[in-house]
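Could you look at this predicted model? Sequence included:
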Amino acid sequence: MKLYIAPRAPNPRRVTMFMVEKNITDIDLVNVDLNAQEHKGHAYRAISPLAKVPALQLDDGRIITETRAICTYLEGRYPEPNLMGDGYEERAFIEMADRLVEWNLMLGIANSVRHTHPGLATLEQPQFADFGHSQSLKVIEVAGWFDQLLQRQPWLAGPRFSIADITAFCAIEFAKLMKFNPGKEGMPALQAWRDKMAERASAKAL
């Protein structure tokens, strides 16, 4: 199998962290140069028609795009350690937490960075700075909610580490490009959780 990634992008990092947590070592990583617009070339569009990373090419040639779908496939193929829930009830709560992070935190961070950071001007055309700044304000509000959540429980989905923590960590790390720091924003629980995450081998792998 081949996993097409862009190392500094948050969604590919979600998958590679997931792989490290599961000790998956038999998938070839193929870097796609976003700055060189390689993802928009004919060769890569034949793999991922919407020109997005990551994309997982299976041994039979089929392609899985979308980060969560790729992780679902890997969870089934490499079931231990379990990161997406054991049984329908835990799976539902972990997926809820993961979706809350993805759609309310990560998306806002991505919109802010894409539309305000000069380094991404070639990737996001046109940039709308006012929109990006409005997203920054929403990110701070949502991050505050997650800080309150982490005051009551050790991990994003509850008592144990899960895929939701990987998604949130990649989001918070990407938020450095919008100069967001949970501790400086008065969110000690979120900062402590981020620092705990940063010590995991999967976080240090990239």
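Received, thanks.

Go ahead and list the helix or strand containing the nearest residue to Gln37 once chain neighbours are set aside.
Excluding the flanking residues, the one nearest Gln37 by C-beta to C-beta, 6 or more residues apart in numbering is Thr122, at 7.7 Å. For every residue, glycine as well, the C-beta is placed using N, CA and C. Assigned by DSSP states H and E, Thr122 falls within no helix or strand.

If you count contacts, what does the helix or strand of the chain with the lowest mean pLDDT end up packed against?
Using mean pLDDT, DSSP states H and E, helix 107-116 stands out as the lowest-scoring helix or strand of the chain, at a mean of 90. Helix 107-116 sits against helix 129-150, helix 163-174, with contacts defined as 3 or more C-beta pairs under 8 Å, 6 or more residues apart in numbering; DSSP states H and E.

Relative to Gln125, how far out is the residue lying farthest from the centre of the chain?
Most distant from the centre of the chain: Asp60, at 26.5 Å, with distances by C-alpha atoms, centre = their mean. Taking C-beta to C-beta, to the nearest Å as the criterion, Asp60 is separated from Gln125 by 36 Å.

residue boundaries of the strands in this structure?
Assigned strands in the chain, in chain order: 2-5, 28-31, 55-57, 63-65 (criterion: DSSP state E).

Bridge partners for Asn31, pull those for me.
Beta-bridge partners recorded for Asn31 (DSSP bridges): Ile5.

Quick check: it touching Arg8?
No - assessed by C-beta atoms under 8 Å, Asn31 is found out of contact with Arg8, at 10.3 Å.

residues contacting the residue lying closest to Thr116 once chain neighbours are set aside?
Closest residue in space to Thr116, ignoring its immediate chain neighbours: Gly132 at 3.7 Å, by C-beta to C-beta, 6+ apart. Residues counted as contacts of Gly132 (C-beta atoms under 8 Å, 6 or more residues apart in numbering) are 111-116.

rerun at 6 Å
If you count contacts by C-beta atoms under 6 Å, 6 or more residues apart in numbering, Gly132 has them with 112, 115-116.

who wins for neighbours among those residues?
Neighbour tally across those (other C-beta atoms under 10 Å): the maximum, 25 neighbours, falls on Ser112.

how close does the residue nearest to Gln37 sit to Lys40?
The gap separating Thr122 from Lys40 is 11 Å, by C-beta to C-beta.

so where is the protein shaky, pLDDT-wise?
121, 206 (pLDDT under 70).

mind giving me the domain split of it?
Domain ranges of the chain: 2-77, 88-204, per automatic domain parsing.

Need the contact partners of the least confident helix or strand of the chain.
Taking C-beta under 6 Å, 6+ apart as the rule, helix 107-116 contacts 120, 124, 127-129, 131-132, 135-136, 138-139, 171, 174-175, 177-178.

can you list the contacts of Gly132 in JSON lines and add distance to Ala203?
Shown next, in JSON lines, are these (distance: C-beta to C-beta, whole Å):
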{"residue": "Ser112", "distance to Ala203": "22"}
{"residue": "His115", "distance to Ala203": "27"}
{"residue": "Thr116", "distance to Ala203": "25"}
